[in-house]
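K.L.:
I would like to see how this sequence folds:
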Amino acid sequence: MVNPWDRPPLSRLGDLTEGLTYEGVGRVTSQWETYEGELSHLYAIFSNRYFKPEAYDEYFAVGRTARARVQALEDESERFFIKHPDQKSEGDFRSIIAAAAGYAERRHEIAHGIVRPIHFYNAVLRKPFDPQLPFAFCLSPSHHHRNWFDSEGNPKYLYTSVEMNHIAIKMYEQLVDLIRLKHALNALNSYMQPRHRP
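P.N.:
This next block holds a predicted model:
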């Protein structure tokens, strides 16, 4: 993995209870909603409508998927940075938007995965089945999501709570940078507003 949002290698050891796996799913999906909420603030700032409901409605209307919303955010940012050039803020935004696209992919996989016993995938993991071992669990893609399987029909991901908790933690760390950027952009936008004499 080069980036913290890259898909991790297939997990070989499952969670000892399925509850741990379900908790990992909840942690990632909840963290993503927090993350996307902050992205919606950027969209509102870029369109000069911070905390105005129509900006948030528009953000979720123009992008029916996370990928489409990221694209809408990029489009709005281009107009903003033409009006308010700031190389550091624009560079920070480009880093955050790359991370957002990556985390959106992981969240999508996790939100649409299925919790299953990991021994279902022993052939893929090249592990012999040991009936003495307790069941262990993982999150795998559903069979109808064909793009999450390789040409031999093997899943491209198997997540346990370990991988999902790591993704959630890394998303949280990125969220801190995202909130800092939000405040910097809002200050930049406020500073550039025309001042009216009383």
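K.L.:
In this model residue 25 seems to touch residue 160, though I could be wrong.
P.N.:
No. Checked against CB atoms under 8 Å, the pair residue 160 and residue 25 is beyond contact range at 10.8 Å. Every C-beta, even on glycine, is put in place using the N, C-alpha and C of the backbone.
K.L.:
Can you check which residues contact both of those two?
P.N.:
Common contacts of residue 160 and residue 25 (CB atoms under 8 Å, 6 or more residues apart in numbering): residue 139.
K.L.:
neighbour count winner among these two?
P.N.:
More neighbours surround residue 160 than the other of residue 160 and residue 25, with 22 against 18 (other CB atoms under 10 Å).
K.L.:
who's in contact with that one?
P.N.:
Counted by CB under 8 Å, 6+ apart, residue 160 has contacts 11, 13-15, 20-21, 24, 118, 137-139.
K.L.:
ok, and the closest non-adjacent residue to the residue nearest in space to the middle of the chain?
P.N.:
Centroid-nearest residue in the chain, with CA atoms, centre = their mean: residue 103, separated by 2.6 Å. With sequence-adjacent residues excluded and distances taken as CB to CB, 6 or more residues apart in numbering, residue 103 is closest to residue 5, at 4.8 Å.
K.L.:
next one: residue 10
P.N.:
residue 158 (4.7 Å).
K.L.:
quick one, what contacts that neighbour?
P.N.:
So residue 158 contacts 10-11, 118, 121, 124-125, 138-140 (CB under 8 Å, 6+ apart).
K.L.:
For residue 124, give its distance to residue 163.
P.N.:
16 Å (CB to CB, to the nearest Å).
K.L.:
Which one's more surrounded, the two?
P.N.:
Per other CB under 10 Å, whichever of residue 124 and residue 163 has more neighbours is residue 163, with 22 against 16.
K.L.:
May I see the buried residues of the least confident helix or strand in the chain by mean pLDDT?
P.N.:
Ranking every helix and strand in the chain by mean pLDDT, DSSP states H and E puts helix 122-125 at the bottom, with a mean of 87. In terms of neighbour count (16 or more other CB atoms under 10 Å), helix 122-125 has its buried residues at residue 124.
K.L.:
Give me the contacts around that helix.
P.N.:
So helix 122-125 is in contact with 10, 12, 118, 128-129, 154-155, 158, going by CB under 8 Å, 6+ apart.
K.L.:
Can you name the element that comes right after that helix?
P.N.:
Next helix or strand after helix 122-125 toward the C-terminus (DSSP states H and E): strand 137-141.
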